[in-house]
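Student: Sequence isn't available, so here's the structure alone:
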């Protein structure tokens with residue numbers, strides 16, 4: 001199968017599922033939350049991936065529960081427990097090969113959790129990071145990707161984004177970024193988009209004013 005080619009001035013990367021495999025850690029955190037409040041964990045996990053924690057807590061928490069306090073607890077648990085997370089294959093090598101001024105991380109995790117996870121698996125820390133605590137509207141709203149591109153000095157329409165989850169794919173597309181699906185998600189949001197099994201399938205030519213990205 002031939003690869004897909006995209007061009008852009010900057011690259012924007014989601015974290016969980018794109019650079020870091022944190023599925024087991026995330027599932028354990030939401031399962032603990034569900035158990036504390038008598039909720040069905042499967043229903044939460046079906047919609048939680050790629051969305052800010054506080055939005056998911058607010059959606060599912062019973063009346064009277066302090067959503068901010070619950071979110072802080074979940075985040076603290078995940079920061080303390082990095083066992084079971086790993087690098088998405090090829091992520092560290094790819095980011096390490098790039099000009100730091102030409103890429104950013106755009107995540108629904110908090111800044112503290114993002115830095116902890118990236119460091120824990122050996123993925124380079126970004127010069128520009130847009131995290132959950134930096135935005136007023138999280139994914140699937142386009143604000144995170146618009147902010148990241150602007151912070152790098154470009155418009156999001158001149159970016160290539162890498163995402164693995166429905167909320168992130170919608171966010172990147174709404175911002176106008178050319179978007180690559182990382183991993184196996186095959187829902188409607190991923191239809192007709194180029195796909196990389198993991199970051200080993202992504203090659204970037206940095207010669208010239210624009211980056212040429214080959215996927216597959």
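Tutor: Done, it's in. Computed from a predicted structure; not experimentally measured.
Student: alpha carbons only for contacts and neighbour counts from here, please
Tutor: OK.
Student: Where does residue 204 fall, secondary structure wise?
Tutor: For residue 204, the host element (DSSP states H and E) is strand 202-205.
Student: What is the subsequent helix or strand relative to that strand?
Tutor: Next helix or strand after strand 202-205 toward the C-terminus (DSSP H and E): strand 211-215.
Student: Which strands and helices lie in contact with that following strand?
Tutor: strand 4-8, strand 202-205 (3 or more C-alpha pairs under 8 Å, 6 or more residues apart in numbering; DSSP states H and E).
Student: can you list contacts of the longest one?
Tutor: If I follow you right, that is strand 4-8. 158, 159, 160, 178, 194, 210, 211, 212, 213, 214, 215, 216 (C-alpha atoms under 8 Å, 6 or more residues apart in numbering).
Student: I'd like the helices and strands packed on strand 211-215 laid out as TSV, including mean pLDDT, mean neighbour count and distance to residue 29.
Tutor: Shown next, in TSV, are the helices and strands packed on strand 211-215 (pLDDT from 0 to 100; neighbours: other C-alpha atoms under 10 Å; distance: least, C-alpha to C-alpha, whole Å):
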stretch	mean pLDDT	mean neighbour count	distance to residue 29
strand 4-8	97	16	36
strand 202-205	98	16	31
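Student: between those strands, which one is nearest to residue 31?
Tutor: Closest to residue 31 of those, according to C-alpha to C-alpha: strand 202-205, at 33.3 Å.
Student: could you say what helices and strands that closest one packs with?
Tutor: Using 3+ C-alpha pairs under 8 Å, 6+ apart as the test, strand 202-205 ends up in contact with strand 211-215.
Student: What ranges does this structure have for its strands?
Tutor: Assigned by DSSP state E, the strands in the chain fall at 4-8, 10-13, 20-21, 86-87, 103-106, 128-130, 159-163, 178-182, 195-196, 202-205, 211-215.
Student: Can you tell me the strand partners of the first one and which way each runs?
Tutor: Okay, so that is strand 4-8. strand 211-215 (antiparallel) (DSSP bridges).
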